[in-house]
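Peer 1: Following is a predicted model, sequence given first.
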Amino acid sequence: MLKKKSFFLFSLLLILAFSCRKDIITQDAGAKLEFSEDTIIFDTVFTTIGSVTKYLKVYNPNKRPVKISSIRIASGNNSNFRMNVDGVPAIQAKDIILRPDDSIFVFVEVTVNPNNVNNPMVISDSIIFETNGNLQDIDLVAWGQDANFYYYPVFGNYSLNSIKPHVIYGYGFVDSASTLTVDAGAKIYFHKSSGLIVLSEGTLKITGTLEKPVVIQGDRLEWDYHDVPGQWDMIWFSNLNKGGTSNAPGSKNNEINYAIIKNGNIGLRVDTNGSGWNVPTLKINNSIVENMSGVALLGEGSFIEATNCVFANTGQYTVALAYGGNYRFLNCTMANYWKYGKRDTPLLLINNYYETSTGIISRPLEKAEFINCIIYGANENEIKLDQNSGSLFEHKFSYCLLKTDISISDANHFTGIVLNPSSVTVDNQLHDPVFNNAGELDFHLFGLSAAINKGISDSIPLDLDGKTRDSQPDIGAFEYVP
């Protein structure tokens, strides 16, 4: 009996000894750490603007605990980078015990100091980990870009050139009776909740080219933000005066050529033109307006002409032509495959009224004309014709590809329509019947697209890519080229 007790006691002590041994911190210089990344890369960061926060996960793959004597940024206080170790901000953290198969997080940010360099610069540093005299490091790399910064600017007759990017904080204004010109190749970045308002009788001229388009988007350039909507507010062609009150004439003679406008709330809001329909409030040509949390193009009793444009992927209507007006769309692609939640609205809305606290106010829809246009998306019905009988409601779709459940039997409103094309099977896989890769915002035509050769010849010889349309043109902004 005594022997059994002695053996049991010996076994218990042996187990405890080995258990305690597991808790002994290893002194082995070969006990290295493992990391989720070997390099932390930040895409282009504007000077003075902090980056997104990125993280590194640090693992202990050893069978015994290790003591990390030091985690430090190599350049110390002189570094552009900032570090947070498991919730504690520091340039250096010391004596961190990491148990077997456990891990900690290291968070990193960067701010680039201004140095008046037009071209992007590369900034680098490293995080050094020291364990039992063993040094391991993780590289930190950031691309920095200097820019012109504007805080609630009021632009008179002024030009934004392409030498440096332009970053706007708050709302910028184009002053009344003034013209803001945006040169070819210029890049405009709006900070969160920022935008641009063209005041009454003011004018915006965007003069991009095929080779040098103008780019307008949010000021976060990291890859994580490349297709995130809602990063800025809108460009508003308004009828406001300097005091912010309504003023009848509205902005005028606005032109947008070869622009890429993306990732905002409302891309373009075009307000009432009180001076009538003699001159368009906005002419937009060869441009892309996409990935908006609200609407890509919102017309409010205005006069808009659009040619060779793509309006795509929005959380609500993609193109909303409200309160009547005068509109003409030629060789445009309107598409919506919104991926950030359910979309309850069709992509195209046309109406001729608005509601007030005292009732409905009718406004004449002088014209809503669509020629060689694609109106197609993921919903079963992508067109809403919302007519009030108290006013004019003139609309016409000619040689368009439509996805809708409304009747197209009236030849006064519908001619040469390609309606609700079915999916195409390729290599036993269903393919979108129209677009090459709508999920990746590629709205070029698929090789078997129902839009090919279904358009009508017009006066627009080149497509959005600058390619020649043949004698039997395709519907939409892009001509299919095998």
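Peer 2: That came in fine, so what should we check first?

Peer 1: buried residues in stretch 249-258?
Peer 2: 249-252, 254-258 (16 or more other C-beta atoms under 10 Å). To be clear about C-beta, it is placed using only N, CA and C from the backbone, and glycine gets the same treatment.

Peer 1: where does the stretch 251-400 of the chain have low pLDDT?
Peer 2: 273-277 (pLDDT under 70).

Peer 1: before we move on, what about the stretch 51-200 of the chain?
Peer 2: Judged by pLDDT under 70, the stretches of the stretch 51-200 of the chain that qualify are 114-117, 119.

Peer 1: Mind checking which of the buried residues of stretch 249-258 are in strands?
Peer 2: Counting by DSSP state E, those place 254-257 in strands.

Peer 1: And the buried residues of stretch 249-258, which is closest to residue 142?
Peer 2: Comparing those against residue 142 with C-beta to C-beta places residue 258 closest, at 30.4 Å.

Peer 1: Just give the nearest non-adjacent residue to the closest one, would you?
Peer 2: Once flanking residues are discounted, residue 258 sits nearest to residue 208: 3.3 Å by C-beta to C-beta, 6 or more residues apart in numbering.

Peer 1: ok so, going back, max pairwise distance over the buried residues of stretch 249-258: which two?
Peer 2: 249 and 258 (27.8 Å).

Peer 1: one step back: among the ones in strands among the buried residues of stretch 249-258, which one sits closest to residue 220?
Peer 2: residue 256 (23.1 Å).

Peer 1: wait, isn't residue 305 in contact with residue 325?
Peer 2: No. Between residue 305 and residue 325 there is no contact under C-beta atoms under 8 Å: 11.5 Å.

Peer 1: higher neighbour count, these two?
Peer 2: Higher neighbour count among residue 305 and residue 325: residue 325, with 26 against 17, using other C-beta atoms under 10 Å.

Peer 1: residue contacts, that one?
Peer 2: Neighbouring residues of residue 325 by C-beta atoms under 8 Å, 6 or more residues apart in numbering: 299-304, 363, 365-366, 368.

Peer 1: In CSV: those, plus neighbour count.
Peer 2: CSV is the format used below for these (neighbours: other C-beta atoms under 10 Å):
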residue, neighbour count
299, 30
300, 22
301, 23
302, 26
303, 25
304, 25
363, 20
365, 26
366, 16
368, 25
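
Peer 1: Same list (those residues) but as JSON lines, adding distance to residue 35.
Peer 2: Formatted as JSON lines, the contacts of residue 325 follow (distance: C-beta to C-beta, whole Å):
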{"residue": "299", "distance to residue 35": "53"}
{"residue": "300", "distance to residue 35": "54"}
{"residue": "301", "distance to residue 35": "59"}
{"residue": "302", "distance to residue 35": "55"}
{"residue": "303", "distance to residue 35": "59"}
{"residue": "304", "distance to residue 35": "53"}
{"residue": "363", "distance to residue 35": "62"}
{"residue": "365", "distance to residue 35": "62"}
{"residue": "366", "distance to residue 35": "64"}
{"residue": "368", "distance to residue 35": "58"}
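
Peer 1: just checking, which of the residues you listed belong to strands?
Peer 2: Using DSSP E, the contacts of residue 325 in strands are 299-300, 303-304, 365-366, 368.

Peer 1: for residue 432, what are its contacts?
Peer 2: 423-424, 438, 446.

Peer 1: what's the closest of the residues you listed to residue 25?
Peer 2: Distance to residue 25, by C-beta to C-beta, is smallest for residue 438 among these, at 56.1 Å.

Peer 1: Residue 391 versus the closest residue to the closest one other than its chain neighbours, what's the distance?
Peer 2: Spatial nearest neighbour of residue 438, chain neighbours left out: residue 337 (4.6 Å); criterion: C-beta to C-beta, 6+ apart. As judged by C-beta to C-beta, to the nearest Å, residue 337 and residue 391 stand 34 Å apart.

Peer 1: same question, residue 31
Peer 2: 80 Å.

Peer 1: Settle it for me: which of the two has more neighbours?
Peer 2: Each of residue 31 and residue 391 has its neighbours counted (other C-beta under 10 Å); residue 31 has more, 19 against 15.

Peer 1: Spit out the contact partners of that one.
Peer 2: 62, 64, 66, 131-132, 134.

Peer 1: Just the buried ones from these?
Peer 2: Applying 16+ other C-beta under 10 Å to the contacts of residue 31 flags 62, 64, 66, 131-132 as buried.

Peer 1: quick one: which of those residues sit in strands?
Peer 2: 66, 131.

Peer 1: mind giving me JSON lines with the buried ones among the contacts of residue 31 and columns for distance to residue 55?
Peer 2: Shown next, in JSON lines, are the buried ones among the contacts of residue 31 (distance: C-beta to C-beta, whole Å):
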{"residue": "62", "distance to residue 55": "22"}
{"residue": "64", "distance to residue 55": "26"}
{"residue": "66", "distance to residue 55": "20"}
{"residue": "131", "distance to residue 55": "20"}
{"residue": "132", "distance to residue 55": "25"}
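
Peer 1: Looking at the buried ones among the contacts of residue 31, which is nearest residue 279?
Peer 2: residue 131 (72.0 Å).

Peer 1: Could you give the bridge partners of the closest one?
Peer 2: Beta-bridge partners recorded for residue 131 (DSSP bridges): residue 68, residue 134.

Peer 1: How about the contacts made by it?
Peer 2: Neighbours of residue 131 in contact, by C-beta under 8 Å, 6+ apart: 31-33, 66-69.

Peer 1: Of those - the most surrounded one?
Peer 2: Counting by other C-beta under 10 Å, top hit in the contacts of residue 131: residue 66 with 24 neighbours.

Peer 1: What are the phi and psi values at the spatially closest residue to residue 64 that is not a sequence neighbour?
Peer 2: Computed as C-beta to C-beta, 6+ apart, the closest residue to residue 64 that is not its neighbour in sequence is residue 26, at 4.2 Å. For residue 26, the backbone dihedrals (degrees, to the nearest 10) come out as phi -70, psi 140.

Peer 1: Residue 387 too?
Peer 2: phi -100, psi 140.

Peer 1: so it touches residue 393, yeah?
Peer 2: Yes. Assessed by C-beta under 8 Å, residue 387 is found in contact with residue 393 at 4.4 Å.

Peer 1: want to throw the buried residues of stretch 249-258 into JSON lines with distance to residue 480?
Peer 2: JSON lines is the format used below for the buried residues of stretch 249-258 (distance: C-beta to C-beta, whole Å):
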{"residue": "249", "distance to residue 480": "43"}
{"residue": "250", "distance to residue 480": "39"}
{"residue": "251", "distance to residue 480": "37"}
{"residue": "252", "distance to residue 480": "37"}
{"residue": "254", "distance to residue 480": "31"}
{"residue": "255", "distance to residue 480": "28"}
{"residue": "256", "distance to residue 480": "25"}
{"residue": "257", "distance to residue 480": "24"}
{"residue": "258", "distance to residue 480": "21"}
